[in-house]
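> Just to be clear, the model below is a prediction. Sequence and coordinates:
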Amino acid sequence: MKRIPLVWQIIAGLLLGVLVGWYFNTHPQYQSWVSAEILKPLGDIFIKMMKMVVVPIVFCCMILGIAGGGDNKSFGRMGLKSLGYFFAITGLAIVMGLCFANIFEPGTGTDISGITHSTASITMEPSKGALVIVQNIVPDNVFVAMSEAKLLSVLFFAVLFGMALNSLPREKSAPVVAVVQGISDAMFKVVSIVMAYAPIGVFGMIGATVATFGFASLLPLLKLIGVVYLALIVFALVVLGGICYLIGENIFKLIKYFRNELILAFSSAASAAVMPQLMSKLESYGVARRIVSFVVPVGYAFNLDGASIFLGVATIFVAQLYGIDLSLSQQILLVVTMVLTSKGAAGVPGFAIIILSATLASAGLPLEGVALIAGIFRIIDSGTTTLNVLGNAIAPLVIAKWEKAALEPSRVDRVTPSPSTI
């Protein structure tokens, strides 16, 4: 019997989760127990397994990306180009989110009296300056940073370690690089094992969401969902599509090539769930390993196009919801604030809600608005995560073009993946 491709298993899990969630939402006598004891644990297991492998993969790939680059000078050039691109593109995404929110006004006329999510608790940290943010990136203990999945701290140490390996004589650094390469290869094998569980995890996550909130809770906030998704689609096709055109690529061809990863990202709302496959597919597409190993992990911390659009739309939505007018200068300040606060977001579901809380606090806007959005954020998060993944799939192609690192012809020909893989 022919094996069903994993992507179709994930879609089946998604649809079945919606049906099961809807059933238990309409039968509340069972809903609480089934959601808490069955559906949510099934989804959390998948997220935990992906978080389990992401940090080792990021750590190893960053070291290999630097130590395999030949010298620290070429790494520094590529790093500056990457960060410049990430800050520019996420800044543009925030501006687009603000523009769409100002044009379509999703918060105007929204009746919040029937929305019951205002009791959601929001955890806030005090606003921090740039130097304090940098201070918090530097880890006291790299092993603690790894155990707590502090991606920026892990990247910081990996960069230093990779640069140190580059400065050593080749006979001393080669064995260490070989060990790191072996660990990286083994972790990618672990990912392939974990991915067999993905359909069950997607089923649990979607089922728990629908069972808890149902479809009726979406109605008062449908305009917000619609504006966010419209902005995401326009950004993908116009902005990312234009970038692809400038580097000689086709956005629709790339969407088709990465369709399995995009579907999984949409289903799980966890970009970390597709990072290993994304890196492997980029190498198969012909992008040099040293570029993929550096740009993708850094992009997961700094290149969050979807989350940036959500921040722009949601901030104006909250202001409109409470009848607060923001001047042009205030919105320009918001762009700067969000460009900084959006960096370093974890590739797990729901982290953008905390970023939004920090943004609203810095702007003096009511935090109660975050509680309203929290109930429907899972629906929005699927779209923002998908755009995050697409943006990080395109970024290595841009950096490769800037570095004049031509795609390997032997690999470019193999742009159609096997239907049995993801």
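Received, thanks. Residues are numbered from 1 along each chain as shown.
> Look up how far Ser268 lies from Phe24.
According to Cβ to Cβ, to the nearest Å, Phe24 stands 20 Å off from Ser268. The way it works is simple: take the backbone N, C-alpha and C, and place the C-beta from them, glycine included.
> more neighbours, the two?
Using other Cβ atoms under 10 Å as the criterion, Phe24 and Ser268 rank with Ser268 on top: 28 against 23.
> which ones are touching the residue lying closest to that one once chain neighbours are set aside?
Spatial nearest neighbour of Ser268, chain neighbours left out: Val202 (5.8 Å); criterion: Cβ to Cβ, 6 or more residues apart in numbering. Shown in contact with Val202 (Cβ atoms under 8 Å, 6 or more residues apart in numbering): 10, 13-14, 17, 43, 46, 264, 267-268.
> need the residues you listed in JSON lines with pLDDT and distance to Ile89, can you?
Below are the contacts of Val202 laid out as JSON lines (pLDDT from 0 to 100; distance: Cβ to Cβ, whole Å):
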{"residue": "Ile10", "pLDDT": "81", "distance to Ile89": "28"}
{"residue": "Gly13", "pLDDT": "87", "distance to Ile89": "32"}
{"residue": "Leu14", "pLDDT": "82", "distance to Ile89": "29"}
{"residue": "Gly17", "pLDDT": "87", "distance to Ile89": "33"}
{"residue": "Gly43", "pLDDT": "85", "distance to Ile89": "30"}
{"residue": "Phe46", "pLDDT": "84", "distance to Ile89": "29"}
{"residue": "Leu264", "pLDDT": "88", "distance to Ile89": "23"}
{"residue": "Ser267", "pLDDT": "85", "distance to Ile89": "25"}
{"residue": "Ser268", "pLDDT": "81", "distance to Ile89": "23"}
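> Where does pLDDT dip in the stretch 251-400 of the chain?
Across the stretch 251-400 of the chain, the stretches falling below the confidence threshold (pLDDT under 70) are 340-351, 354, 358, 362, 371, 375.
> the helices in it, which residues?
For the stretch 251-400 of the chain, the helices defined by DSSP state H, counting those that start in this stretch occupy 251-257, 259-268, 275-285, 289-302, 305-321, 328-341, 351-363, 368-374, 377-402.
> Remind me what the third one packs against, helices and strands.
Meaning helix 275-285. helix 40-67, helix 170-194, helix 259-268, helix 289-302, helix 377-402, helix 409-412 (3 or more Cβ pairs under 8 Å, 6 or more residues apart in numbering; DSSP states H and E).
> right, so of the ones you listed, which gets closest to Gly109?
helix 377-402 (19.4 Å; Cβ to Cβ).
> I'd like the distance from that closest one to the chain centre, please.
7 Å (Cα atoms, centre = their mean, to the nearest Å).
> tell me the angle of it relative to helix 289-302?
Interaxial angle of helix 377-402 relative to helix 289-302 (axes from the mean of the first three to the mean of the last three Cα atoms, to 10 degrees): 140 degrees.
> how big is the angle separating helix 377-402 from helix 259-268?
Going by the same axes, to 10 degrees, helix 377-402 makes 150 degrees with helix 259-268.
> just the angle between helix 377-402 and helix 275-285, please?
Using the same axes, to 10 degrees: helix 377-402 against helix 275-285 is 30 degrees.
> Report the buried residues of helix 377-402.
377-402 (16 or more other Cβ atoms under 10 Å).
> same deal with stretch 191-198?
191, 194-195, 198.
> residue ranges with poor pLDDT in the stretch 1-150 of the chain?
1-2, 68-74, 110-130, 132-133.
> Do a quick rundown of the helices in it.
6-25, 28-34, 40-67, 72-104, 130-137, 142-147.
> In JSON lines: the ones you listed, plus distance to Asn260.
Below are the helices of the stretch 1-150 of the chain laid out as JSON lines (distance: least, Cβ to Cβ, whole Å):
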{"stretch": "helix 6-25", "distance to Asn260": "5"}
{"stretch": "helix 28-34", "distance to Asn260": "30"}
{"stretch": "helix 40-67", "distance to Asn260": "15"}
{"stretch": "helix 72-104", "distance to Asn260": "24"}
{"stretch": "helix 130-137", "distance to Asn260": "33"}
{"stretch": "helix 142-147", "distance to Asn260": "28"}
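> of all those helices, which lies closest to Pro276?
helix 40-67 (5.7 Å).
> quick one, the closest one and helix 6-25 angle?
Using the same axes, to 10 degrees: helix 40-67 against helix 6-25 is 150 degrees.
> give me every residue that touches Val389.
258, 261-262, 265, 271, 274, 278.
> please redo it, this time with the cut-off set to 6 Å
265, 271, 274 (Cβ atoms under 6 Å, 6 or more residues apart in numbering).
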